[in-house]
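Q: Predicted model follows, preceded by the sequence.
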Number of protein chains: 6
Amino acid sequence: MSTVRPHPDPEHDPRVKAVFDDIRATRNTAFVNAMWQHLAFDPDLLERTWAEVKRVMATPGTLDPLTRELVYLAVSIVNGCSYCVHSHTAAARAKGMTSAQHAEFLSIVALASKTNQLATALQVPVDPVFDLSAASEGCRP
Amino acid sequence: MSTVRPHPDPEHDPRVKAVFDDIRATRNTAFVNAMWQHLAFDPDLLERTWAEVKRVMATPGTLDPLTRELVYLAVSIVNGCSYCVHSHTAAARAKGMTSAQHAEFLSIVALASKTNQLATALQVPVDPVFDLSAASEGCRP
Amino acid sequence: MSTVRPHPDPEHDPRVKAVFDDIRATRNTAFVNAMWQHLAFDPDLLERTWAEVKRVMATPGTLDPLTRELVYLAVSIVNGCSYCVHSHTAAARAKGMTSAQHAEFLSIVALASKTNQLATALQVPVDPVFDLSAASEGCRP
Amino acid sequence: MSTVRPHPDPEHDPRVKAVFDDIRATRNTAFVNAMWQHLAFDPDLLERTWAEVKRVMATPGTLDPLTRELVYLAVSIVNGCSYCVHSHTAAARAKGMTSAQHAEFLSIVALASKTNQLATALQVPVDPVFDLSAASEGCRP
Amino acid sequence: MSTVRPHPDPEHDPRVKAVFDDIRATRNTAFVNAMWQHLAFDPDLLERTWAEVKRVMATPGTLDPLTRELVYLAVSIVNGCSYCVHSHTAAARAKGMTSAQHAEFLSIVALASKTNQLATALQVPVDPVFDLSAASEGCRP
Amino acid sequence: MSTVRPHPDPEHDPRVKAVFDDIRATRNTAFVNAMWQHLAFDPDLLERTWAEVKRVMATPGTLDPLTRELVYLAVSIVNGCSYCVHSHTAAARAKGMTSAQHAEFLSIVALASKTNQLATALQVPVDPVFDLSAASEGCRP
């Protein structure tokens, strides 16, 4: 079930076809997953979303590809996005995540959510040593 | 402001002192941050929380220390835990996170939250290729 | 799958029938969607929920009907409520939302979630100019 | 308190100065709020974030400016972003939101969150009539 | 800091005064906490919110008062509402919550958030035995 | 659909069998629900998760079993964990939750989420009387 009806032949639109071709070339696969099929209802939204995903996730940077996927997956889990949890778990495996790494990753996500709730429940005040913007606070002498 | 009153001398309790000593030894610092000072209102909760943090975050495993911190920090941001965002950004820096890595990390967290909302808003159905538990579904021939 | 079993004939209960009749009359349709069928397990909860929905969403006010639906839908997306995303996307269309408006709306929801995470990750202090309750703070001279 | 230290003179960097100048010109004010001061630690992140905010929020489109702000604000509330709630409540007022509209808006946000939780708690199945992608499901004859 | 400016004498409005009087009478205290002072910017919103809080929380029902507060507090923690965490922790104490109960409550909230993330990360399919609405599914023979 | 493939015979691993045996003995049933079947992909994660669930939920403490389940369920609803909402609603019923208690519980969860959003939207400052850690703040004379 989705809230937009995907077009039976989205690539009839040349803008959509260009994005799908770039997805296939970038990932070296013929498969274009459902997220892009659905975003294609609006070519502008499709183009902008893919351009950002390609830039952030497929351009070499200062973090290795698996670390990037794990950060993406962690965010997706906490946001409760079922589709994204599926697609980014698959992507993490494609980038080499082993079963042991998956379990270790899950232990961290679970622990972080646990301690997040404890810190919020206790309303722990931030240690002054963590403060990097002392000048912004306004209640110091 | 916190919801429990930290004890002026929490280490008068030998169970609390033992945990604080282990925190100082594990981290090689005299500093015990406010999270632990506040959890000390219940020695059992303190002991169990620290034991899990130490095991998951301070034991060598299959993910490197900075990757672990970035996963922890990503979860903390999405859960909106102000204290945890402060303490784990500091921890990531202590484990070598550069300013460029911080910015790249933030780009991933921001992008993931963006596409999470798009996938949820469109209710994109999960591609069958992502399904690893075909046998559990019950509606296949 | 649901966590309460809907009654096969919920309108055998006159309180349920009265609410369903009012839903049909207010919306000018014979269709009573599943949310109400399931809330009918408790007539009191059904009556109170419908009364509030009717008052807030179906009474003329200072915001036009489509704006109200878009606000409702934005909240439902971020809360990750699959049922509500479906029903309120349909409601927004029924109130005139075009495909272009849908895409523009999604761009705003996605951008807001992105900048929300950036502001939380950076723990940006609130500009004093935004403060409307200076007298409440207690640390001013 | 923030997790990055804002530069005392961020506009010494010409890329930052160019963005700040565009913010001042677009908004017709000398004020550059703290969000941008903090994002300036990474000029690339600053440029990209501002470009998207300007395009989505300051370009005429199919939704009026106040509706856009209310959608942005609704997302910010549910994501629990304190900074964003402040800045976008101020922005909504600047775009004409009256006190009566503010109260009506809050009633919708509050009601939506309430019914979101009810639908999630009851796990209400989506009515087939809301399904726009029947062909994607795979369980139909 | 708040996003509405509380009136210096909110009780000059007889509708506000009536609500504040009822809060004081119901709780047997002269103290009217800041939540109500701020909601008073719109007497209608104030009246409706207080009426619901009074009905749900202050009317004898099938759950005891402390259990109700703990449910309210659990929701407030997960929603990350700092104000609500403070006020409902205080309310739980006023209704008899001991320090040991507080710690046990926190252990449950922390554990639930942990296993919530694990179940979401693994996308565990719901056991058919938990299904109470078999007739709604449509894929059964 | 799940993101890990459950083993067709998870109990071939003696560590998994030991946990499953303990689940069956603790709950006095032959049924081991899908959560544990899926966690079994990593025996260490399975053992630690079950040990914590057993300790927190199945050991007599200061809160009665139904109250514990309602707190667990409230957290699961707000975290939007579909699997957990199903399993813990069933668990609450098994521990005696009546239909009237279920409705009252839902009213509290719904009201709390509503007022959480109002307090966040208004950014209500915390009343000083709720502050239990005055010494930590640093802005007082």
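A: Sure, I can see it.
Q: Could I get the full set of helices for chain A?
A: Under the criterion DSSP state H, chain A contains helices at A:14-27, A:34-39, A:43-58, A:65-78, A:82-94, A:99-122.
Q: list the contacts for the residue nearest the centre of chain A?
A: The C-alpha lying nearest the average C-alpha coordinate of chain A belongs to A:Tyr72 (Cα atoms, centre = their mean; 3.4 Å). By Cβ atoms under 8 Å, 6 or more residues apart in numbering or on different chains, A:Tyr72 lies in contact with A:57, A:84, A:88, A:91, B:108, B:111-112. For glycine as for every other residue, the C-beta is placed from the backbone atoms N, C-alpha and C.
Q: picking up where we left off before, quickly compare the helices of chain A and say which is most buried.
A: Stretch with highest mean neighbour count among those: helix A:65-78 (a mean of 26; mean count of other Cβ atoms under 10 Å in any protein chain shown).
Q: Next up, the contacts around A:Ala121.
A: Contacts for A:Ala121 (Cβ under 8 Å, 6+ apart) come out as B:3, E:73, E:77, E:85, E:89, E:106, E:109.
Q: Show me which of those residues is closest to chain C.
A: Nearest to chain C among the contacts of A:Ala121 is E:Ile77, at 15.9 Å by Cβ to the nearest Cβ.
Q: any idea how far chain F is from that closest one?
A: Per Cβ to the nearest Cβ, to the nearest Å, E:Ile77 is found 8 Å from chain F.
Q: Likewise for A:His12?
A: Separation of A:His12 from chain F (Cβ to the nearest Cβ): 30 Å.
Q: How about the residues of chain A by chain F?
A: A:80, A:85-86, A:89-90, A:99-100, A:102-103, A:106-107, A:110, A:117, A:125, A:128, A:139 (Cβ under 8 Å from any Cβ of the partner chain).
Q: In those residues, find the pair that's most separated.
A: Across these, no pair lies farther apart than A:Ser99 and A:Cys139, at 50.7 Å, counting by Cβ to Cβ.
Q: any idea what sits nearest A:Val78, other than its immediate chain neighbours?
A: B:Val78 (3.9 Å; Cβ to Cβ, 6 or more residues apart in numbering or on different chains).
Q: Let me see the domain layout of chain A.
A: Structural domains annotated on chain A: A:1-59, A:62-123, as defined by automatic domain parsing.
Q: need these in JSON lines with distance to D:Leu46 and mean pLDDT, can you?
A: As requested, the domains of chain A are arranged in JSON lines below (distance: least, Cβ to Cβ, whole Å; pLDDT from 0 to 100):
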{"stretch": "domain A:1-59", "distance to D:Leu46": "15", "mean pLDDT": "96"}
{"stretch": "domain A:62-123", "distance to D:Leu46": "17", "mean pLDDT": "98"}
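Q: Looking at those, which is nearest to B:Leu66?
A: For these, proximity to B:Leu66 was assessed by Cβ to Cβ; domain A:62-123 is nearest, at 7.9 Å.
Q: Give the closest residue to the residue in chain A that chain C sits nearest to in space, chain neighbours not counted.
A: Residue of chain A nearest chain C, by Cβ to the nearest Cβ: A:Asp42 (3.6 Å). Nearest residue to A:Asp42 in three dimensions, chain neighbours excluded: C:Ala103, at 3.6 Å (Cβ to Cβ, 6+ apart).
Q: just A:Trp50 next, same as before
A: The shortest distance from A:Trp50 to any non-neighbouring residue, by Cβ to Cβ, 6+ apart, is to A:Val19 (5.1 Å).
Q: from what I can see the one you found touches A:Glu47, true?
A: Yes: using Cβ atoms under 8 Å, A:Val19 is in contact with A:Glu47, at 5.8 Å.
Q: how much space between the residue nearest to A:Leu45 when sequence neighbours are not counted and chain F?
A: Once flanking residues are discounted, A:Leu45 sits nearest to C:Ala103: 4.9 Å by Cβ to Cβ, 6+ apart. Distance, C:Ala103 to chain F, using Cβ to the nearest Cβ: 25 Å.
Q: With A:Ala91 instead?
A: Remark: distance between A:Ala91 and chain F (Cβ to the nearest Cβ) = 11 Å.
Q: hang on, the earlier thing: contacting residues for the residue of chain A closest to chain C?
A: C:99-100, C:102-103, C:106.
Q: repeat that for 10 Å
A: When contacts are counted by Cβ atoms under 10 Å, 6 or more residues apart in numbering or on different chains, A:Asp42 touches A:4, A:16, A:48-49, C:99-100, C:102-104, C:106-107.
Q: Turn these into CSV, columns for distance to F:Pro10.
A: CSV is the format used below for those (distance: Cβ to Cβ, whole Å):
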residue, distance to F:Pro10
A:Val4, 39
A:Val16, 44
A:Arg48, 44
A:Thr49, 39
C:Ser99, 47
C:Ala100, 51
C:His102, 44
C:Ala103, 45
C:Glu104, 49
C:Leu106, 41
C:Ser107, 45
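Q: Quickly name whichever of those is closest to A:Ala25.
A: A:Val16 (14.9 Å).
Q: doesn't A:His38 make contact with that closest one?
A: No: here A:Val16 does not reach A:His38: they are 11.5 Å apart, not a contact under Cβ atoms under 10 Å.
Q: Find residues that contact each of these two.
A: When Cβ under 10 Å, 6+ apart defines a contact, the residues bordering A:Val16 and A:His38 alike are A:7, A:10, A:46.
Q: Skipping its backbone neighbours, what lies nearest the last one in space?
A: Read it as A:Leu46. Spatial nearest neighbour of A:Leu46, chain neighbours left out: A:Leu39 (4.4 Å); criterion: Cβ to Cβ, 6+ apart.
Q: Now that that neighbour has come up, it's in contact with B:Lys114, right?
A: No: look at A:Leu39 against B:Lys114 with Cβ under 10 Å: they stay out of range, at 11.8 Å.
Q: joint contacts of the two?
A: A:49, C:106.
Q: Run a quick neighbour tally on the residue nearest to A:Phe41 when sequence neighbours are not counted.
A: Spatial nearest neighbour of A:Phe41, chain neighbours left out: A:Val4 (4.6 Å); criterion: Cβ to Cβ, 6+ apart. Applying other Cβ atoms under 10 Å in any protein chain shown, we find 22 residues neighbouring A:Val4.
Q: Could you pull up phi and psi at A:Val4?
A: Main-chain dihedrals, A:Val4, degrees, to the nearest 10: phi -130, psi 150.
Q: distance of it from B:Asn28?
A: Per Cβ to Cβ, to the nearest Å, A:Val4 is found 54 Å from B:Asn28.
Q: which parts of chain A sit against chain D?
A: Within chain A, the positions near chain D by Cβ under 10 Å from any Cβ of the partner chain are A:1-6, A:8, A:34, A:37-38, A:41, A:48, A:52, A:55-56, A:79-80, A:120, A:126-128, A:130-137.
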